[in-house]
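**Student:** what's the 3D shape of this:
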Amino acid sequence: MNKFLEKNITKIILIFLILGPIFDLGTSLLINLANINFNFIIIIKILFMAILLYYLTVISKSKLKKYSLIYLGSLFMYIIMFLINTVITKDLSVLSYELQNVIRGFFFPICLVSIYNIYQEKKFNIDYKILSEVLIYYLALIFIPLITNTGFDSYAYSKVGSTGWFNSTNEIGGILSILLPFLIIVILKLNKNIYKIISFLIIFFIYFSLGSKVPVLALTIIMGLYIIKYLISLFNKKNIKKIILIFIGVFISIGLSVVAIPKTSFYKNIVIHLEFLEIHEFSDLMTIENIDHFVFSSRIKFMEKTKESYNKASISEKILGIGYIENYATDDINTKTIEMDYYDVFYRYGILGFIIYFIPFIYIIFNILKKLKLNKKSNITFNLSISVCLILLLSLFSGHILLSPSVSIYVIAILIYFSEVLE
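**Tutor:** Now for the predicted structure:
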């Protein structure tokens, strides 16, 4: 077994990455068609995490192995203390629920440390083609049901849109956002302009059909940065003719968007939301409550409620976290997460859990920044930088990036790829 893993660990990771869309599809079909709420796919993800841990513990010869094992030992000690404290402050009946969420939450740092060690051994490499391939699979499983009208609704009520054959709008929106820069590299390398135009039209159609603000925001940021980057290069070359053509193209695109966007699920949801809030003028939106509801989907309100629960918690809960069941055994019990990853990690896992959770993430980000200063900028680093910025931004404002295994595995792949490119 050891020899098999030593030889094939890279293939196992890459297969897991590529099968991500299939895992999410399977989960969705079980929920929507078979009405089975138990997520069988999480068992595969736990087995994958166990394989990575076994490889790191028994097989790996990485120079960071010693420090990584100390870190993982501390992490597992924290989890044990968290669970013991959960039983003491709540009771044994909630242990299973809290354990499931802890495993799901700490999937990211555990896999990040394990895969980073494999990368350090020069046994793991990844490139933009694999990441773009994964996104193509996700897009296909949204596009086909969209045109055949067989997809599942993005929202249970009120709003419109379709996630194709997937179940979670937030998780799919996150994946579509952080992987898009790599697909753009592939599209821009296509031989004929007509293929590029068709590809971008399909992307726009899918992203605006979801009905979610997050992928549209990511698409706007990415396209805007690309246009700015290209204009800067044209200004440096004093290519006035192309600059004029770019501006004409932008104005034409804006004109077409004015006609097309009002017909999309994205626009219809904005109208529905504004009508629900009874906002008729821009000034009506300018209250903290309305901004929170419209822009952040009431996440700040949820954060304030969780913050209140945390402030009332015991010292042990402040250090180890209040978990995923707030105000247990009271009339004010709450299991709604904030859906802002940094805050959820802090309140759910406490001061100690927050520090342990983010140590490897911060270590790798700082290493990337340090190497980035010493390397020449390229199209790959430009796209990677956009993707990492989106990861940091979306983790704060929309969540479902670091705390969702379906999304966080691609965050890990992007961070490893960035580190590899800068070598």
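
**Student:** buried ones in stretch 90-110?
**Tutor:** Within stretch 90-110, the residues scored as buried using 16 or more other C-beta atoms under 10 Å are 90, 94, 98, 101-110. No exception for glycine: its C-beta is placed from N, CA and C like everyone else's.

**Student:** list just the nearest of those to K238.
**Tutor:** F108 (46.6 Å; C-beta to C-beta).

**Student:** and the helix or strand containing that closest one, average pLDDT?
**Tutor:** Assessed by DSSP states H and E, F108 sits inside helix 95-120. For helix 95-120, mean pLDDT is 94.

**Student:** elements contacting it?
**Tutor:** With contacts taken as 3 or more C-beta pairs under 8 Å, 6 or more residues apart in numbering; DSSP states H and E, helix 95-120 sits against helix 2-18, helix 41-54, helix 65-89, helix 341-374, helix 405-421.

**Student:** out of those, nearest to I187?
**Tutor:** helix 405-421 (18.2 Å).

**Student:** quick check: mean pLDDT of that closest one?
**Tutor:** Here the average pLDDT along helix 405-421 is 94.

**Student:** and the helices in the stretch 201-350 of the chain?
**Tutor:** Remark: helices assigned in the stretch 201-350 of the chain by DSSP state H, counting those that start in this stretch are 213-237, 240-260, 265-276, 282-285, 288-295, 299-312, 315-320, 341-374.

**Student:** could you dump these into CSV and include distance to K61 and mean neighbour count?
**Tutor:** Output for the helices of the stretch 201-350 of the chain, formatted as CSV (distance: least, C-beta to C-beta, whole Å; neighbours: other C-beta atoms under 10 Å):
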stretch, distance to K61, mean neighbour count
helix 213-237, 39, 16
helix 240-260, 51, 11
helix 265-276, 50, 16
helix 282-285, 57, 10
helix 288-295, 49, 14
helix 299-312, 42, 16
helix 315-320, 34, 17
helix 341-374, 19, 18
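
**Student:** which of those has the lowest average pLDDT?
**Tutor:** helix 282-285 (a mean of 69).

**Student:** still on that earlier bit, out of the helices and strands packed on helix 95-120, nearest to G224?
**Tutor:** Here helix 405-421 is closest among these (C-beta to C-beta), at 20.2 Å.

**Student:** so where is the stretch 51-200 of the chain shaky, pLDDT-wise?
**Tutor:** Applying pLDDT under 70 to the stretch 51-200 of the chain flags residues 156-158.

**Student:** switch to 90 and redo it
**Tutor:** 91, 93, 121-127, 149-164, 167-169, 191-193 (pLDDT under 90).

**Student:** how much space separates Y128 from I412?
**Tutor:** From Y128 across to I412, the span is 15 Å (C-beta to C-beta, to the nearest Å).

**Student:** re the thing from before, got the angle between the helix holding F108 and helix 41-54?
**Tutor:** 50 degrees (axes from the mean of the first three to the mean of the last three C-alpha atoms, to 10 degrees).
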